[in-house]
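> Pasting the sequence and the predicted coordinates here, then a few questions.
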Amino acid sequence: MVLVALVYLYGVLTAPDLEVTYQSLWPLIFAVGLTLASMVMGYLRLQLLLGGVGVRVSVSDSVRIGFIGAFFNSFLLGSLSGDAVKFVYLSQVAPRRAVVASGLLLDRLLGLGGLLLLAAAASIWMWTDFAHVPGFERLGVWIIGVLVGLVVIGSVSLVSILGGRRAALALLAVQLLAIQATMYLLPGVINASSVELVWAGCLIIAVSLAAIGLVPSLEPGGRLNLWFSRRGGIARSAIAVIEAVLHYRHRCFLLGTCLALSVILQGTGVLSLYYLGLALGIADQPSVVQVGVAGPVAMVTNSLPIPCGGLGVGEAAFDNILRHLPSGGHQPSQSGAAIFFVLRLITIVLGFIGVPFYLFSRRNRHDNRSDAYPDRPTQLNDIEPSSRLAA
């Protein structure tokens, strides 16, 4: 897959119709600043999530661990490698590793939610343009459908725990009626994608009903909880992580704050793509709305566990969407791969900020030991993740 994506990227970047000129340095500086701000906000979001369950990590340590993870993201299996590094560091200061795993899991889910919110908002904004592009109205339907599905499933799961299964079923019925009424506000949705809507609706209902029936039994003392706990091994570890995730059910304000932060940081990432197009002086510069649809989709594909940080995969997705996506007076852009590739280079360069932090932690591994616990590191500076990652 990576080889195919790289070949596609090479063909796009060497195409004779690609017009790129480096006109201005200020948009490039602004794009770098937005990318850096987006990365730092992501690290602070994880700090907020862990703080909500009692894992206290300072701002400086959160940023330092985040940059170390960003360095590994660029050269190993995408964002999963960076999360593994963060897990090794943070598990040294958490009461249980399952707590750290739950924080990292929610961090990823909230990041995905922020991307879907941006993509859905941009899709609704340019819905009339979607309707005129063969096949692309389905992209808008599925972007909005995935977002709506996550909202419905997540809300009924939460209500099934807090208010019981009957309340969750009532909420599901109200949400389905609201969705049915809202679909008529988007012209052409039912006619253009009736089959997809039927399948998507059935899937949302099935998963929601399964969540209403199963999620309450995952709480401590529930049937599924006891069943997993008796299995041991991976099953016991999985139920421990689920229990840690369920601790957030009473912290709705925290989750809402982190979701809002996700929208802001993902929005800065999308704006950085727009300003990179200005910095490159691209003749067919995409609009903010076009980038708002293509950017989140490309970022999701770029986070897949593919070697070399998914090199070429995000570029191919971003370029392919922009090539078929007009917006108002803006024609489809032919330069999406070049824009996304420059963003990747900026991210890789910024990830090297984590190199001195990582080397410093290795050098001080044996210097800052506790006298009471000589075999256990006591500071985040002392933690060495490489041996555990190798294992």
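Perfect, I can see it now.
> I would like the C-alpha coordinates for whichever strand or helix holds Gly295, written out in CSV, please.
Gly295 is part of helix 288-302 when elements are defined by DSSP states H and E. This file holds the C-alpha atoms of helix 288-302, laid out as CSV (Å, rounded to 0.1, in the frame of the first residue of the first chain):
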residue,chain,number,x,y,z
VAL,A,288,-10.9,26.9,3.0
VAL,A,289,-14.1,24.9,2.6
GLN,A,290,-12.5,22.6,0.1
VAL,A,291,-9.6,22.0,2.5
GLY,A,292,-12.1,21.6,5.3
VAL,A,293,-13.6,18.6,3.5
ALA,A,294,-10.4,17.0,2.1
GLY,A,295,-8.1,17.8,5.1
PRO,A,296,-9.9,15.8,7.8
VAL,A,297,-10.4,12.8,5.6
ALA,A,298,-6.7,12.8,4.6
MET,A,299,-5.6,13.2,8.2
VAL,A,300,-7.7,10.2,9.2
THR,A,301,-6.2,8.0,6.5
ASN,A,302,-2.8,9.4,7.4
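> buried set for it?
For helix 288-302, the neighbour count (16 or more other C-beta atoms under 10 Å) marks 288-302 as buried. All C-beta atoms are positioned from the backbone trio N, CA, C, and that covers glycine.
> where do the helices sit along the stretch 1-150 of the chain?
Remark: helices of the stretch 1-150 of the chain, listed N- to C-terminal, are 2-13, 26-51, 59-73, 78-90, 97-125, 127-131, 136-162; assignment by DSSP state H, counting those that start in this stretch.
> could you give the mean pLDDT of the fifth one?
Mean pLDDT, helix 97-125: 84.
> Check the second one too.
Mean pLDDT, computed over helix 26-51, is 90.
> angle of it against helix 97-125?
Helix 26-51 runs at 140 degrees relative to helix 97-125, counting by axes from the mean of the first three to the mean of the last three C-alpha atoms, to 10 degrees.
> Buried residues of helix 26-51, list them for me.
Using 16+ other C-beta under 10 Å as the burial criterion, the residues of helix 26-51 that qualify are 27-28, 30-32, 34-50.
> Among the buried residues of helix 288-302, pick out the one closest to Ile204, please.
The shortest approach to Ile204 among the buried residues of helix 288-302 belongs to Val300, at 19.2 Å (C-beta to C-beta).
> Report how many residues lie close to the residue lying closest to the closest one once chain neighbours are set aside.
Nearest non-adjacent residue to Val300, counting by C-beta to C-beta, 6 or more residues apart in numbering: Leu115, 5.9 Å away. Neighbouring residues of Leu115 were enumerated by other C-beta atoms under 10 Å; the total is 25.
> Report the contact partners of Leu115.
Counting by C-beta atoms under 8 Å, 6 or more residues apart in numbering, Leu115 touches 262, 266, 296, 299-300.
> roughly how far apart are it and Ser217?
In this structure, Leu115 and Ser217 are separated by 31 Å, where distance is defined by C-beta to C-beta, to the nearest Å.
> ditto for Tyr248
When C-beta to C-beta is the yardstick, Tyr248 and Ser217 sit 18 Å from each other.
> Looking at these two now, which is surrounded by more residues?
Neighbours per residue (other C-beta under 10 Å) separate Tyr248 from Ser217, with Tyr248 holding more: 18 against 14.
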